[in-house]
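> Following is a predicted model, sequence given first.
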Amino acid sequence: MIHKLLKDKRGGVDQYVSAVIAMLTLLALFVMISAGMKAMNAYNTLNDFGNELAVTVGNEGRCSGERVSTRYNELVSATGITPNVEYTAEYVDSEARTVQYGDTITLRLSMQTSISALKISIPISLSITKSVTSQQYWK
């Protein structure tokens with residue numbers, strides 16, 4: 001019977017195989033897009049986290065302190081992510097990590113996440129670099 005279907009000249013099997021291949025292709029495309037959207041969401045969340053933290057660091061004119069720590073913890077609570085933050089600046093006081101008015105503070109935020117679909121998980125690293133100008137004058 002299968003031999004008869006394969007020899008049939010009406011094209012029914014060809015159409016069936018083509019339709020199955022098209023549906024599988026669309027399913028694979030959907031899975032890849034949904035996994036990619038999750039990664040883009042994580043990247044956008046990290047970007048927003050960096051923007052908010054950069055504003056606080058710039059206004060404070062320092063890379064540490066109670067207000068910077070509090071804002072970091074608020075952002076962790078609001079977003080659900082815990083990125084590593086590295087600060088680069090020319091410090092007026094390296095212990096207090098204060099930066100003079102008008103000098104640049106660079107924040108580098110990084111985190112590990114994964115792209116996952118169909119029980120397959122691929123780890124990826126996301127990183128964002130933000131620059132802000134200190135708004136505090138230190139004597």
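Alright, I've got the coordinates.
> Could you list the buried residues of stretch 49-68?
The neighbour-count check on stretch 49-68 (16 or more other Cβ atoms under 10 Å) flags 49-50, 52-54, 56-58, 60-63, 65, 68 as buried. Yep, even glycine has a C-beta here, placed from its N, CA and C like the rest.
> Give me the residues contacting that stretch.
Here stretch 49-68 makes contact (Cβ atoms under 8 Å, 6 or more residues apart in numbering) with 71-72, 75, 79, 81, 83, 85, 87, 89, 91, 96-101, 105, 107, 109, 128, 130-138.
> just how off-centre is it within its chain?
Averaging C-alpha positions (Cα atoms, centre = their mean, to the nearest Å) puts stretch 49-68 20 Å from its chain's average.
> Selection in ChimeraX covering whichever of the contacts of stretch 49-68 are buried, please.
Buried members of the contacts of stretch 49-68, defined by 16+ other Cβ under 10 Å, are picked up in ChimeraX with:
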select :71,72,75,83,85,87,89,91,97,98,99,100,105,107,109,128,130,132,134,136
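> Which of the contacts of stretch 49-68 fall in strands?
85, 87, 91, 98-99, 105, 107, 109, 128, 130-133 (DSSP state E).
> for S121, what are its contacts?
Contacts for S121 (Cβ under 8 Å, 6+ apart) come out as S114, I115.
> give me the element it is part of.
strand 120-133 (DSSP states H and E).
> that older thread, out of the buried residues of stretch 49-68, what pair is the most spread apart?
The span of the buried residues of stretch 49-68, defined through Cβ to Cβ, is set by F49 and G61 at 20.2 Å.
> Grab the two from the ones in strands among the contacts of stretch 49-68 that are most spread out in space.
T98 and I128 (23.6 Å).
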